[in-house]
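Trainee: Could you look at this predicted model? Sequence included:
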Amino acid sequence: CSPHRLSLMAFIPLAFVGLFIILAVWAVRSPKSCTDKEVGLTPQFGEICGGRIGMMNYTWPLVRHSIYDDFIVIKCLGGCYTIPRNSVKVERGDGVLSNGVLYKSPKYLGQELRIWTSSKNVVLEVLERNA
């Protein structure tokens with residue numbers, strides 16, 4: 001057995017572990033970055049959570065959910081959704097194991113925007129207060 005072949009065989013699993021760590025860090029940090037529209041604003045409510053966006057289900061901590069005066073931001077690896085507050089409808093969107101809210105907006109017609117939040121009552125209160 002060649003010593004070079006043995007060292008290459010030991011390197012391949014380490015490369016996969018390193019790649020996995022880099023992707024995991026990117027997946028957690030990506031939703032936390034602010035969009036251009038959010039710069040300089042303070043949300044009325046914000047959280048890192050999970051959600052069901054379209055056909056994808058994201059677990060905690062892969063979704064950021066922020067409520068501002070004029071819009072709501074849902075950001076995840078699958079994209080960023082900015083929902084105008086003046087046209088949004090919100091419903092309780094509880095699942096079998098999780099509490100949540102379901103956003104419906106003409107801007108994202110047919111797109112499921114469900115947030116798995118442990119602060120459902122606070123979210124509903126903030127949205128009702130400024131409706």
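Mentor: Cool, the structure landed.
Trainee: mind checking the SS state of E47?
Mentor: Assigned state for E47: strand (three-state reduction, DSSP: H, G, I helix; E, B strand; the rest coil).
Trainee: count of residues packed around it?
Mentor: Residue crowding around E47 was assessed by other Cβ atoms under 10 Å; the count is 18. C-beta: built from backbone N, CA, C; applies to glycine.
Trainee: Let's test this: what are the backbone torsions at the nearest residue to it once chain neighbours are set aside?
Mentor: The shortest distance from E47 to any non-neighbouring residue, by Cβ to Cβ, 6 or more residues apart in numbering, is to H65 (5.3 Å). Dihedral angles phi and psi of H65 (degrees, to the nearest 10) take the values phi -130, psi 120.
Trainee: Distance check, H65 against G50.
Mentor: Summarising the geometry, the distance separating H65 from G50, computed by Cβ to Cβ, to the nearest Å, is 10 Å.
Trainee: Next: W26.
Mentor: Taking Cβ to Cβ as the measure, W26 and G50 are separated by 17 Å.
Trainee: When the two are compared, which one has more neighbours?
Mentor: Comparing W26 with G50 by neighbour count (other Cβ under 10 Å), the higher total belongs to G50, at 21 against 10.
Trainee: Identify the bridge partners of the residue nearest to E47.
Mentor: Listed by DSSP bridges, the beta-bridge partners for H65 are E47, I74.
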